[in-house]
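# Sequence and predicted structure are below.
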Amino acid sequence: MFNALVVNKDEDGKTSAAVEEMTLDQLPQAEVTVAVEYSTVNYKDGLCIGPGGGLVRNYPHVPGIDFAGTVEASDDDRYKPGDKVVLTGWRVGEAHWGGYSQKARVKADWLVPLPAGLDTRQAMAVGTAGFTAMLSVMALEDHGIKAGPVLVTGAAGGVGSVATAILAHLGYKVAAVTGRPETEGYLRDLGASQIVAREELNETVKRPLEGETWGGCVDAVGGAMLARVLGQMEYGASVAAVGLAGGAGLPATVIPFLLRGVNLLGIDSVMQPYDNRLRAWERIATDLPMEKLEAMVRPATLADLPQLGADILKGQVQGRVVVDVN
Ligand code: NDP
């Protein structure tokens, strides 16, 4: 027997989440069974713990879009019992049962060996949010980061916190956008040298081009803020579009692309090819200072998840929640 957070749906279509006992034969069929040690809480988890947001196909459902643990059994040559592994993406925790469970059974293709220098707890302190932050930084580097500060929007959230810490560690000046002024000390400790109030960037675009201010941007917010930021980028600079915490619309003009050669880079962590996943996890192990990572962590258990899921949907979670599923 083991414990998992199970979301059930009643006849009226209402969902409810609670910790339940399970047996191994209830797990889906796949090549690798993992004894999960840690998971975390992402915006998508908030949706999947709650009414599903259109992401969950079948109930009962076990959410948890990422996890790290130890292989317990494997029908695939690439993994053997005892191997430490991490999983993000592939619609695990949405279309497939996920990491809010003491055991998970998944395809070998979806796993990545834990990189040297990280333990399973640290891997989930990074989680999908941090992994995506690293993919964003790599995309900005590939396109060239310009001289001005790098803007990070939604900075006190998971993606934003890790992006801030990595960029500062790499020597870039980081300007952190937050709607929570009380997080200033936290953001400065992560390495932000400038704090930008959310209201300053909330207005919709009135002038398609403003002063050339930012040498790059990791954007977790989207919507009107992303549209506004595009007009403030330096000539030839790039924005990594990661999230939609502020909205999925993009009320922008094409002028920043045409007159300033600004690049809008789409970042997807879910279907990312294996080689790039390995590269990103290895970069995380070297370029994310572990003491900064530790400062972002808030511990939690399976029983805390229904509340945390609701909190993250309201933008009330700071940094990274690490869920000890045991
Ligand atoms: P969090 O909730 O931890 O962070 C989002 C942050 O955005 C909040 O902390 C808040 O930061 C800011 N924010 C929230 N609401 C608004 C608003 N209405 N207007 C402006 N800012 C707002 O989520 P994550 O960091 O885990 O994820 C961030 C986004 O990235 C989400 O949209 C998520 O779905 C997406 N994502 C995408 C991935 C991909 O593969 N592309 C992978 C992972 C996440 P502050 O308080 O500092 O203002």
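Looks like it arrived, so ask away. Fair warning: this is a prediction, and the values are worked out from it, not measured in the lab.
# Distance of the one residue in the chain that gets nearest to the ligand relative to residue 150?
Ranking the residues of the chain by distance to the ligand (C-beta to the nearest ligand atom) places residue 157 first, at 1.9 Å. All C-beta atoms are positioned from the backbone trio N, CA, C, and that covers glycine. Residue 157 is 16 Å from residue 150, where distance means C-beta to C-beta, to the nearest Å.
# Residue 257 too?
Taken as C-beta to C-beta, the span from residue 257 to residue 150 is 19 Å.
# More neighbours: the two, which one.
Neighbours per residue (other C-beta atoms under 10 Å) separate residue 257 from residue 150, with residue 150 holding more: 26 against 14.
# need the contact list for the more buried one.
Residues in contact with residue 150 (C-beta atoms under 8 Å, 6 or more residues apart in numbering) are 140, 167, 172-175, 214-218.
# cool, and residue 200?
Per C-beta under 8 Å, 6+ apart, neighbours of residue 200: residue 177.
# Quickly find the element holding it.
Here residue 200 sits within helix 198-202, counting by DSSP states H and E.
# Show me which positions of that helix end up buried.
Within helix 198-202, the residues scored as buried using 16 or more other C-beta atoms under 10 Å are 198, 201.
# wouldn't residue 47 be in contact with residue 65 here?
No. The pair residue 47 / residue 65 is not scored as a contact, 9.8 Å apart, by C-beta atoms under 8 Å.
# just the helices in this protein please.
Per DSSP state H, the chain carries helices over the ranges 43-49, 120-143, 158-169, 184-190, 198-202, 223-230, 255-260, 274-287, 290-296, 305-313.
# Only the buried residues of the longest one, if you could.
This points to helix 120-143. Buried-residue list, helix 120-143, by 16+ other C-beta under 10 Å: 120-140, 143.
# The last one now?
If you call a residue buried by 16+ other C-beta under 10 Å, then helix 305-313 has these buried ones: 305-306, 308-309, 311-313.
# related to what we said a few turns ago, skipping adjacent residues, who's closest to the residue of the chain closest to the ligand in space?
Leaving aside its chain neighbours, residue 157 sits nearest to residue 220 (5.9 Å; criterion: C-beta to C-beta, 6 or more residues apart in numbering).
# just to revisit the earlier point, phi, psi of the residue of the chain closest to the ligand?
Phi and psi for residue 157, reported as degrees, to the nearest 10, are phi -80, psi -170.
# For it, grab the count of nearby residues.
Number of residues near residue 157 (other C-beta under 10 Å) recorded here: 27.
# thinking it is in contact with residue 317, fair?
Yes. Look at residue 157 against residue 317 with C-beta under 8 Å: they come within range, at 7.2 Å.
# what's the one helix or strand in the chain whose mean pLDDT sits lowest in contact with?
Ranked by mean pLDDT, DSSP states H and E, the weakest helix or strand in the chain is helix 290-296, scoring a mean of 89. Contact partners of helix 290-296, identified using C-beta under 8 Å, 6+ apart, comprise 122, 125-126, 130, 161-162, 165, 169, 186, 189-191, 319-320.
# Any chance of a markdown table for the residues you listed, columns distance to residue 94?
Shown next, in a markdown table, are these (distance: C-beta to C-beta, whole Å):
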| residue | distance to residue 94 |
| --- | --- |
| 122 | 24 |
| 125 | 22 |
| 126 | 20 |
| 130 | 19 |
| 161 | 23 |
| 162 | 22 |
| 165 | 27 |
| 169 | 31 |
| 186 | 30 |
| 189 | 33 |
| 190 | 29 |
| 191 | 32 |
| 319 | 23 |
| 320 | 20 |
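# Of those, which one scores lowest on pLDDT?
In terms of pLDDT, residue 319 ranks lowest among the contacts of helix 290-296, with 82.
# can you pull the contacts of that residue?
Per C-beta under 8 Å, 6+ apart, neighbours of residue 319: 156-158, 161, 186, 295-298.
# which of these are buried?
For those, a neighbour count by 16+ other C-beta under 10 Å gives the buried set as 156-158, 161, 186, 295-297.
# buried residues in stretch 15-30?
Buried-residue list, stretch 15-30, by 16+ other C-beta under 10 Å: 15, 17, 19, 22, 26-27, 30.
# Repeat that for stretch 209-228.
Across stretch 209-228, burial judged by 16+ other C-beta under 10 Å covers 209, 212-228.
# Kindly report the same for stretch 278-293.
Buried residues in stretch 278-293, counted by 16+ other C-beta under 10 Å: 280-285, 288, 292-293.
# can I have stretch 54-66 written out in CSV, keeping just the CAs?
Output of stretch 54-66 as CSV, limited to C-alpha atoms (Å, rounded to 0.1, in the frame of the first residue of the first chain):
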residue,chain,number,x,y,z
GLY,A,54,-9.4,21.1,-19.5
LEU,A,55,-6.0,19.3,-18.9
VAL,A,56,-7.2,16.1,-17.1
ARG,A,57,-8.9,13.5,-19.3
ASN,A,58,-10.0,10.8,-16.9
TYR,A,59,-11.0,10.5,-13.2
PRO,A,60,-9.9,9.3,-10.7
HIS,A,61,-6.7,11.3,-11.4
VAL,A,62,-3.3,11.6,-9.6
PRO,A,63,-1.9,15.1,-10.4
GLY,A,64,1.7,16.2,-10.1
ILE,A,65,3.4,17.4,-13.3
ASP,A,66,6.9,16.7,-12.0
